[in-house]
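Asker: Generate a structure from the sequence data that follows.
(one chain, ligands or ions: 1)
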Amino acid sequence: MTLPSFKMDSIVLMEDGPCTFAGYPRTARHTIVHTMNVSPPDLASWAASLIHSRRTALPKRLCAPGPDGAQKHQILEAAAAAPDHDQILPWRFVEVPEPSRTALGLAFEEALITRDPSASEEERSQARDKALRSPWLLLAVVRTGGEPLDIPAPERLLSAGAAIQNMLLMAAAMGLGSSLTSGKALSSTALRTLFNLSAHEQALCFLNFGHIAQARQERTRPRVAQYFSTLPSN
Ligand SMILES: Cc1cc2nc3c(=O)[nH]c(=O)nc-3n(C[C@H](O)[C@H](O)[C@H](O)COP(=O)(O)O)c2cc1C
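Answerer: Numbers count the residues shown, from 1 in each chain. Next comes the predicted model:
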């Protein structure tokens, strides 16, 4: 399905910005419908089209250029629209620019050697190379503990997940590919030290963005009946 050709910028240029809809006198939907001059059914089908068009493009399937400066900003702004109980901002994103990729690669290698001191030179080289593939690379960091104590880790993680999904969808709307990558190195001392993580912070995953060099096949999605039920009323 083709997406309507309106400009996503029209959301951002609104007086209140897209992240403060809750305080806006009209509903977000009402505002978007008017700002973009699209009918409500169009908006729903546009949203469905965007959501279902997103596919993971792993770093090996991404190519340069990554997003430009304005696109990076718009992707990062999308994170701010995530639900965040009491607005504690429990997550942050750290960009890993080209000059820092060698240091990240060395951290991946150190994490590997710590886990497996007998790792071969080939395995070590593969670990280092993982830092080089993505055109735009971010580390997602979540603060799972500390003040305020009444917002537990699962809520903070959910907020981070919502922020990340917003970013992936924004990239998809721009025609960019994206993916999440993880691995044992995320919890390693080498990586924690490189990113200067505090005691309450966890490295959640890497976010990769770029142009899609090689598209993937459609993926079969779960059916609603597999994950939806209704509480019996007795
Ligand atoms: C937090 C997180 C980390 C992930 N890390 C990896 C990874 O390191 N390598 C990988 O191949 N897939 C990883 N995945 C899975 C892909 O991101 C993706 O969800 C999966 O391939 C399904 O593709 P789709 O997003 O197109 O449905 C991860 C998913 C999540 C949620």
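
Asker: What residues sit buried inside whichever helix in the chain runs longest?
Answerer: Longest helix of the chain, by residue count under DSSP state H: helix 153-173. For helix 153-173, the neighbour count (16 or more other Cβ atoms under 10 Å) marks 155-173 as buried. In short, each C-beta sits where N, CA and C put it, glycine included.

Asker: now stretch 73-80
Answerer: In stretch 73-80, counting by 16+ other Cβ under 10 Å, buried: Q74, I75, L76, E77, A78, A79.

Asker: what's the spacing between it and its chain's center?
Answerer: Taking Cα atoms, centre = their mean, to the nearest Å, the mean C-alpha location of stretch 73-80 is offset from the chain mean by 10 Å.

Asker: Same check on stretch 45-62?
Answerer: Using Cα atoms, centre = their mean, the offset of stretch 45-62 from its chain centre is 12 Å.

Asker: repeat for stretch 96-108
Answerer: With Cα atoms, centre = their mean, you get 20 Å for stretch 96-108.

Asker: just to revisit the earlier point, mean confidence score for the longest helix of the chain?
Answerer: For helix 153-173, mean pLDDT is 98.

Asker: So what touches it?
Answerer: With contacts defined as Cβ atoms under 8 Å, 6 or more residues apart in numbering, helix 153-173 is touched by 3, 8, 50-51, 53-54, 67, 74-76, 78-85, 88, 90-91, 140, 142-145, 177-178, 180, 204-205, 207, 209.

Asker: and the helix or strand just after that helix, which residues are buried?
Answerer: Per DSSP states H and E, the first helix or strand lying C-terminal to helix 153-173 is strand 177-181. Of the residues in strand 177-181, G177, S178, S179, L180, T181 count as buried by neighbour count, 16+ other Cβ under 10 Å.

Asker: In these, find the pair that's most separated.
Answerer: Within the buried residues of strand 177-181, G177 and T181 form the most distant pair, 12.9 Å apart (Cβ to Cβ).

Asker: still on that earlier bit, dump the buried residues of strand 177-181 to TSV, plus distance to the ligand and pLDDT.
Answerer: Compiled in TSV, the buried residues of strand 177-181 are given as follows (distance: Cβ to the nearest ligand atom, whole Å; pLDDT from 0 to 100):
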residue	distance to the ligand	pLDDT
G177	10	97
S178	9	98
S179	5	98
L180	4	98
T181	4	98
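
Asker: okay, the angle between the longest helix of the chain and strand 177-181?
Answerer: Calculated by axes from the mean of the first three to the mean of the last three Cα atoms, to 10 degrees, helix 153-173 forms an angle of 150 degrees with strand 177-181.

Asker: Helix 153-173 near the ligand at all?
Answerer: No - taking Cβ under 6 Å from any ligand atom as the criterion, helix 153-173 and the ligand are apart, separated by no less than 7.6 Å.

Asker: which residue is nearest the centroid of the chain?
Answerer: Among the residues of the chain, the one closest to the centroid is I164, at 2.9 Å (Cα atoms, centre = their mean).

Asker: so how far is M174 from that residue?
Answerer: To M174, I164 is 16 Å away according to Cβ to Cβ, to the nearest Å.
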